[in-house]
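1. My questions concern the predicted model and sequence given below.
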Amino acid sequence: MNRLRQGAALKRALPLIAATAALGLTAPPALAEAAPWEEGPVGTVGKLVWDAGGGQLGMCSGSVVDAPNGSVVATAAHCVRTRENPEPPAEVWFVPGYDHGKDTYQRDGWRVTGFHTPDGWDTSRDTTEILHHDYAFLTLAEKDGVTVQAAHGANRPVFEPVPEDRDVAALGYPAVAPYDGESLHWCAGPTDVLDAAEADEANVGGLMLDGCDLTAGSSGGPWLQDWDAETGSGALVAVMSVGSGEGQVVGRPFPAEAADLLATAGAAP
């Protein structure tokens, strides 16, 4: 798809890639399938899971990010707070390298103890007015005296400006048909930093991938450059934010002020 058509799609309002993806949720068939990840578990990438009530699980994606306390996960702000649910879920777990673990997520995961969203993520306002702030950092408890970073490693945070036309991989756990949220999928391509000619103001500065249908449940998943297969980590340049429903997805990069929020989430105990 050429840049003109990309821009036309992104000039329309983009729906959030849902903050909660309930088990059994369905949607029309996707236009372009993301590829299943086939290189084994990725400990620095995982799934956020919580009890959404009514026999359903809420889910998003996230990734471990380097921090002094070894206990920080990056995700999307809309996974944490929305207009409908301005407070985070009561009990959330992060499961590194999640793979078909809906029955064991509490045993396998690290419990979230702190939710850190930017001041600009004011859920009383329209989403298009706050989308630039769609990132969050979560603080985790240790598990059996071990931090998630000590157990699985971490990705290196990168703050704006993000280098353009560099290969980027977007990873996550899509849960809307044709996916079930139980395994890791990914898309890859050159980084396109959206400008005013390509997108509405809400998405200017975001990163776009074309030909990618990562769906609800992949929200908050990492966009990684400089992937190192040996360490299972890379440079974290954005988190999954929104999608057009027509094969384009947008990642939200971290502005310079996000460093202060990460420092708060990652302060050494």
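-> Yes, it's here.
2. Could I get the pLDDT score of residue 51?
-> Model confidence at residue 51, given as pLDDT, is 87.
3. what's near enough to touch it?
-> Counting by CB atoms under 8 Å, 6 or more residues apart in numbering, residue 51 touches 57-58, 89-91. Every C-beta, even on glycine, is put in place using the N, C-alpha and C of the backbone.
4. give me that answer again for 10 Å
-> Applying CB atoms under 10 Å, 6 or more residues apart in numbering to residue 51 gives the contacts 57-58, 89-93, 105-106.
5. Low-confidence bits of this protein, can you list those?
-> The model of the chain has pLDDT under 70 over residues 1-33.
6. Mind naming the longest strand for it?
-> The longest strand of the chain (DSSP state E) is strand 233-243.
7. and residue 221, how many neighbours?
-> Using other CB atoms under 10 Å, residue 221 has 35 neighbouring residues.
8. ditto for residue 254
-> Here the number of neighbours of residue 254 (other CB under 10 Å) works out to 23.
9. same thing with residue 84?
-> Residues within reach of residue 84, counting by other CB under 10 Å, total 8.
10. what do you get for residue 147?
-> For residue 147, the number of neighbouring residues by other CB under 10 Å comes to 20.
11. which among the contacts of residue 51 gets closest to residue 152?
-> Residue 152 lies nearest to residue 93 out of those, by CB to CB, at 14.4 Å.
12. The closest one looks like it's in a helix, true?
-> No. Assessed with DSSP: H, G, I helix; E, B strand; the rest coil, residue 93 is strand; it does not lie in a helix.
13. gap between the nearest residue in space to it that is not next to it in sequence and residue 68?
-> Excluding the flanking residues, the one nearest residue 93 by CB to CB, 6 or more residues apart in numbering is residue 109, at 3.5 Å. For residue 109, the distance to residue 68 equals 22 Å [CB to CB, to the nearest Å].
14. Excluding residues flanking it in the chain, which one is nearest residue 159?
-> Spatial nearest neighbour of residue 159, excluding adjacent residues (CB to CB, 6+ apart): residue 254 at 4.9 Å.
15. Then residue 179?
-> Residue nearest to residue 179 in three dimensions, not counting chain neighbours: residue 215, with 6.1 Å by CB to CB, 6+ apart.
16. Just the element for that neighbour, please.
-> Secondary structure from DSSP states H and E places residue 215 outside every helix and strand.
17. That one contacts residue 242, correct?
-> No. Residue 215 lies out of contact with residue 242 (CB atoms under 10 Å); the separation is 11.6 Å.
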